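Trainee: Sequence first, then the predicted structure:
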Amino acid sequence: MRGAWKALLVIAAVAVTALGWGYWHAASHGALDVLVYDLSLKNDRQAYGRVSRAELAFMDAAGTVLANGSAGEPSGMVSIRHPAIGDCRREEREAFASAQAMQAWRQCFKTQSRWLMTWVPQARYATVDLGKCRIEKVPVSLEQFKEAWWLWWVPHPHIGGAPYTYFKFTLQIDAGKCRAA
């Protein structure tokens, strides 16, 4: 009977440790998606269009710059630049070339995902520089979703993997009038 209690205690300790790790990972690692919508691109088929090229600076309520990023053509996908390692785009492009390149991308992503957690929840405004005009104090709409951290250990391709906190910034501008929308 004593052996059964020891085994049960070990199983409980392993489960608590695994769940604790999952919670810690979701609370300390994040991913960010930034959408910049331009209402001046409205037409009969769409209410807005995506900005295809811009430089962005994200600020807190006091106006302190927290991070910088850029939207690139053709899709307008925004990449955020970590102050020391950059935006990981080069590492991502080269990741499939070799195991060493894949490891470099993983390390870059890990560093950036930890850094995002330090500033993303504090972002309130952004400056959007379109080249032809610069729009100050664009309100940042933040959505946050914590992945199901208690499922991280499930060995299933659609469930398993380390959990993250996912963030989405949405910015709306009117480039035609060079103002926030």
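Mentor: Looks like it came in fine.
Trainee: For the residue most central in space within the chain, give the beta-bridge partners.
Mentor: Nearest to the mean C-alpha position of the chain, counting by CA atoms, centre = their mean, stands Leu32 at 1.3 Å. On the basis of DSSP bridges, Leu32 is bridged to Phe167.
Trainee: from the middle of its chain, how far away would the longest helix belonging to the chain be?
Mentor: Identified as the longest helix of the chain according to DSSP state H is helix 2-28. Relative to the centre of its chain, helix 2-28 is centred 29 Å away, using CA atoms, centre = their mean, to the nearest Å.
Trainee: buried residues in that helix?
Mentor: Applying a neighbour-count criterion of 16 or more other CB atoms under 10 Å, one finds 22, 25-26 buried in helix 2-28. For glycine as for every other residue, the C-beta is placed from the backbone atoms N, C-alpha and C.
Trainee: Mind putting those residues into CSV with pLDDT and distance to Ala175?
Mentor: Formatted as CSV, these follow (pLDDT from 0 to 100; distance: CB to CB, whole Å):
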residue, pLDDT, distance to Ala175
Gly22, 79, 42
His25, 81, 39
Ala26, 83, 36
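Trainee: Adding distance to Ala4, write the residues you listed out as a markdown table.
Mentor: Shown next, in a markdown table, are the buried residues of helix 2-28 (distance: CB to CB, whole Å):
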| residue | distance to Ala4 |
| --- | --- |
| Gly22 | 27 |
| His25 | 32 |
| Ala26 | 33 |
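Trainee: and Gly63, helix, strand or coil?
Mentor: Using DSSP: H, G, I helix; E, B strand; the rest coil, the structure places Gly63 in coil.
Trainee: Which residue, other than its chain neighbours, is closest to it?
Mentor: The shortest distance from Gly63 to any non-neighbouring residue, by CB to CB, 6 or more residues apart in numbering, is to Tyr125 (7.5 Å).
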